[in-house]
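A.B. asks: Take a look and give me a structure for this.
(2 chains)
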Amino acid sequence: MEFFRDVNVDWLGKKWYFLGFSLIFSIAGIISMAMHWNKIGSPVPLGVDFRGGTQVQVQFQNAPNTNQIRQATEAAGIKDASIRSYGSAGTNEMLISLPEQQDESSLDAGRARIVDALQSHYNNPFTVRNVQVVGPTVGKQLEKQATLATLYSLLGMLIYLWFRFQLIYGVAAVIACFHDTLITVGFFALTNQEISLTVIAAILTLVGYSMNDTIVVFDRIRENLRLSRREPLPDLVNRSINQTLSRTVLTSGLTFLTVLSLYVYGGPVLRGFSFALVVGILIGTYSSIAVAAPMLVAYQEWRAKSGRTVVLPAAKRSKV
Amino acid sequence: MKKNLKNKIALIVAVLLIFVYGIFGLPSGLTGKALMDSLTKRIHLGLDLRGGVHLILQVVVSEAVNAETDNTVARIQQDLQTAKLTYSQVYKPDPARPDVIRVEGTDPTKASAVRSALDAKYSNEYDVSGGSDTAFTVTMKPNIVKALNDKTVQQAIETIRDRVDTLGVSEPVIQQYGLGDNQILVELPGISDLDRVKALIQDTSRLEIHEVVGGPYPDDQAALASVGGVLPGDEEIVHGSGVMSGGDSAFVLKRVSVVAGSDFRSADPGTNQNTGQRIVRFTLTNEAGDKFWAYTSANVGRSMAVVLGGRVREVANIKNAIRDTGEIEGSFSQEEVEALSKMLRTGALPASLNYLEDRTVGASLGADSIKQGVTAAIVGILLVMVFMLIYYRGSGVNADLALVLNLVILLGFMGFSGATLTLPGIAGVILTIGMGVDSNVLIFERIREEMRAGKVASAAVDQGFAHAWTTIIDTHVTTIVSAAILFLFGSGPVKGFAVTLTFGLLANLFTAVFVSRVIFDAHVNKLKSGEAVSI
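C.D. replies: Numbering: from 1, shown residues only, chains lettered A, B, ... in the order given. Down below sits the predicted model:
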């Protein structure tokens, strides 16, 4: 069986559509992030591990009622609790959160207050499934670490590609990666989902994964550059994309299958994580074809216009 | 060539056996239950799968510095008195700077004598400055402060470990956390009673023995009056209760303790044969024993107070000199003597702790997570395997064999290394399958291309592997770079993800490239000339 045999698509001819597509999603994401920033002071809703505060996950025996829970917590003198359902409806699970305590020594009090309130004012037996209490120190540390980790991993990729190919390849790949990260985070902002530590892990994995696809295409471009030096670059890049298309679509498709099963069966704890991967793999595959490769061509055309030499580095003769 | 192939197959079988051992160890039997038992023994599940308590604590190290400089203040006063040098006061001017001591009102004509007295004893740990007027500033050196902070954190870790051990938790994690912010990570799998853990860890009961200046007095005023209305800097008022004093009463004690928490070598609960009172028998360390001997011999007939958690629990008369063993007798309950002995054995916390973060995962949530993670993994793996079979036919079998071996090696790695499997870790396993099959696809697509170009089976396989190899290395390196950064920056569950992803991709290099190649070679050898590979 074969899906793509002798494909001959003029990818570069569609670069304006691609640019438009990328811009629409990037800008929609950025606008949504700006709106979040206005409302909550961060570009995306943050999970309790970044935001700080107390979050208690409770499973009730009978279907819970948000209003009654609110009455219960208010009766116990808890004013600022946020209450929402969690997971699928049949599991009767609720998340009850309190905002961050500035006083680190009384961090734990919130959990006990929530549990007491439910016990004494809400007649519905429950078990506490998960408690997270995060103080301001840890939240800030994590935020800093997550940002640093993302930047370092982009930098690491740039250096590796620079070393393996040449700087322009690295720059193109890193811009494509940044594009993927931006759009994926934008999706979280648009769909109003929380970014937690595991989501950051997913995004970092995407940085690596999206790089994979780009490398495969770049590798082929380099190989073809060596074989046929006279072919115009846009044609050569098109041909390289088409030659690797089967592989690109297949592996992304297979990874997508595994991630999809994670999204469907992996349970609510991993929902954000697998959502990031589902979105990111689609975008990452798209960007290696539609962003990274055209950028190489654009770079060469720009160099040609400014009258400099226009050679992209080709592969060295391989040993085989 | 044939023999070479046999060797390679033998190597693959050996690797398979080794890693199957890594997963299961030597199970007691071949029943499903025995296999599951040994599996759970070898693969360590993270807190998010087992349920448990995860805490990040911060040690308030300034308290340790404070205690140390308090001690130094007392020693300086004593030294100056012994050397017959006058001063108006030795004190710490700024509560926010526990490392700074001021010596004020010294005799200007004896400035150099004061200076050399201070230098002689304290210049190793302190910077001494001033002296042009009648005051000196004695500041603890930054490296000493840092060493003291580190020591305090280490002591806190040891104390917490000793206390946690009494809970009987298997595989607790207690270690320094973060980058030099005096933080401690505590992970207790299988524990869900957070309150009990906190009460145990945070028990700040310090046991100290102090010299009694006067008391008992009915209240603070009376205690103050006994020292002439102003409390000298080296003395303090401590309240206490108990049979001896009858109700709450105040004692004036020397601020510096004769024996402190870390001076105890061992302690056991017991009963006084004569009075039937519950007691704690203790042994002091050699150094503390010498100090105690010197003190008790010089003070026979006077009183000393046992101070526990900031309250006087007992006041005892020194009948004769004691070296390193003694008894503490008070109106203790049985629980109290047991708790007190445990506390003395494990030592007191060197400073108090703040909670920066706590997470408790209920066991039921963990069980659900395992179920969901495993379901997702099985569905994902089956989807990939079925697809490979349909799309690549005969070669799909090859890829599926390599995938299974990849999984076996990955899980075996987890068993051997003792790394922790978390829920994101399971996601990492799933992702490894998706990404690992990438190598097969790269190779197979290349082989197809070469076959279309008219190459015979063996040459096409050769070329396919040769060309795909550099790309495979590139793609693996980029993902492993991401995973390594995650490992460095991530915590707990996320670290587990980085671990499985890295292990999985490393194993994939072996399975997708080496093993898959051997299977191809074995297959191509059997082909009649001109016959094509099923791909």
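
A.B. asks: Now B:I370. Nearest residue, chain neighbours left out?
C.D. replies: Nearest residue to B:I370 in three dimensions, chain neighbours excluded: B:L49, at 5.3 Å (Cβ to Cβ, 6 or more residues apart in numbering or on different chains). The C-beta positions use only the backbone N, C-alpha and C, and glycine is treated the same way.

A.B. asks: residue ranges of the strands in the stretch 251-400 of chain B, please?
C.D. replies: Secondary structure of the stretch 251-400 of chain B (DSSP state E, counting those that start in this stretch): strands at B:264-271, B:278-284, B:303-308, B:311-317, B:325-329, B:353-361.

A.B. asks: Pipe those into JSON lines and attach mean pLDDT and distance to B:Y126 per row.
C.D. replies: Putting these into JSON lines (pLDDT from 0 to 100; distance: least, Cβ to Cβ, whole Å) gives the following:
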{"stretch": "strand B:264-271", "mean pLDDT": "77", "distance to B:Y126": "28"}
{"stretch": "strand B:278-284", "mean pLDDT": "81", "distance to B:Y126": "28"}
{"stretch": "strand B:303-308", "mean pLDDT": "80", "distance to B:Y126": "28"}
{"stretch": "strand B:311-317", "mean pLDDT": "76", "distance to B:Y126": "32"}
{"stretch": "strand B:325-329", "mean pLDDT": "76", "distance to B:Y126": "33"}
{"stretch": "strand B:353-361", "mean pLDDT": "86", "distance to B:Y126": "28"}
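
A.B. asks: Can you say which of those is nearest to chain A?
C.D. replies: For these, proximity to chain A was assessed by Cβ to the nearest Cβ; strand B:353-361 is nearest, at 4.2 Å.

A.B. asks: Can you get me a residue count around residue 38?
C.D. replies: As the question left the chain open, I've gone with chain A. 8 (other Cβ atoms under 10 Å in any protein chain shown).

A.B. asks: that's the wrong chain, I wanted chain B
C.D. replies: 18.

A.B. asks: Same check on B:K198?
C.D. replies: The burial count for B:K198: 17, using other Cβ under 10 Å.

A.B. asks: element containing it?
C.D. replies: Using DSSP states H and E, B:K198 sits within helix B:194-202.

A.B. asks: buried sites along stretch B:457-474?
C.D. replies: By neighbour count with 16 or more other Cβ atoms under 10 Å in any protein chain shown, stretch B:457-474 contains the buried residues B:457, B:460-465, B:467-472, B:474.

A.B. asks: And stretch B:97-109, by the same measure?
C.D. replies: So for stretch B:97-109, counting by 16+ other Cβ under 10 Å, buried means B:98-104, B:106.

A.B. asks: Tell me the one of these nearest chain A?
C.D. replies: Closest to chain A, out of all of those and judged by Cβ to the nearest Cβ, is B:P98, at 18.5 Å.

A.B. asks: how far off strand B:353-361 does the helix holding B:K198 point, in degrees?
C.D. replies: 150 degrees (axes from the mean of the first three to the mean of the last three Cα atoms, to 10 degrees).

A.B. asks: Chain A versus the residue nearest in space to the middle of chain B, what's the distance?
C.D. replies: By Cα atoms, centre = their mean, chain B has its centre lying nearest to B:Q175, at 1.3 Å. B:Q175 sits 16 Å away from chain A, going by Cβ to the nearest Cβ, to the nearest Å.

A.B. asks: who's in contact with the spatially closest residue to B:I322 that is not a sequence neighbour?
C.D. replies: Nearest residue to B:I322 in three dimensions, chain neighbours excluded: B:T296, at 4.8 Å (Cβ to Cβ, 6+ apart). Contacts for B:T296 (Cβ atoms under 8 Å, 6 or more residues apart in numbering or on different chains) come out as B:318, B:320-322.

A.B. asks: so A:F50 makes contact with A:K144?
C.D. replies: No: checked against Cβ atoms under 8 Å, the pair A:F50 and A:K144 is beyond contact range at 10.2 Å.

A.B. asks: Which one's more surrounded, the two?
C.D. replies: Neighbour count, other Cβ under 10 Å: between A:F50 and A:K144, A:F50 has more, with 23 against 11.

A.B. asks: Quick check: that one vs chain B, distance?
C.D. replies: A:F50 is 12 Å from chain B, by Cβ to the nearest Cβ.

A.B. asks: name the element that residue belongs to?
C.D. replies: helix A:48-51.

A.B. asks: what is the mean pLDDT for that helix?
C.D. replies: Across helix A:48-51, pLDDT averages out at 84.

A.B. asks: Same check on stretch B:386-397?
C.D. replies: For stretch B:386-397, the mean pLDDT works out to 92.

A.B. asks: Just checking it against chain A, any contact.
C.D. replies: Yes: Stretch B:386-397 reaches chain A (Cβ under 8 Å from any Cβ of the partner chain) through B:387-388, B:390-393.

A.B. asks: Which residues does stretch B:454-464 contact?
C.D. replies: A:320, B:443-444, B:446-447, B:449-451, B:517, B:520-521, B:524, B:527, B:529-533.

A.B. asks: Can you say which of the residues you listed are buried?
C.D. replies: Buried among the contacts of stretch B:454-464 by 16+ other Cβ under 10 Å: B:443-444, B:446-447, B:449-451, B:517, B:520-521, B:524, B:533.

A.B. asks: which two in these are spaced the farthest apart?
C.D. replies: Maximum pairwise distance among those (Cβ to Cβ): 19.6 Å, between B:E449 and B:D521.

A.B. asks: Residues of the stretch 51-200 of chain A that sit close to chain B?
C.D. replies: Going by Cβ under 8 Å from any Cβ, the residues of the stretch 51-200 of chain A near chain B are A:57, A:59, A:104-105, A:107-108, A:111-112, A:127-135, A:137-138, A:141-142, A:145-146, A:148-149, A:152-153, A:156-157, A:160, A:164, A:197-198, A:200.

A.B. asks: what about the closest residue to A:A63 other than its chain neighbours, neighbour count?
C.D. replies: Nearest residue to A:A63 in three dimensions, chain neighbours excluded: A:N92, at 5.7 Å (Cβ to Cβ, 6+ apart). By the criterion of other Cβ under 10 Å, A:N92 has 18 neighbours.
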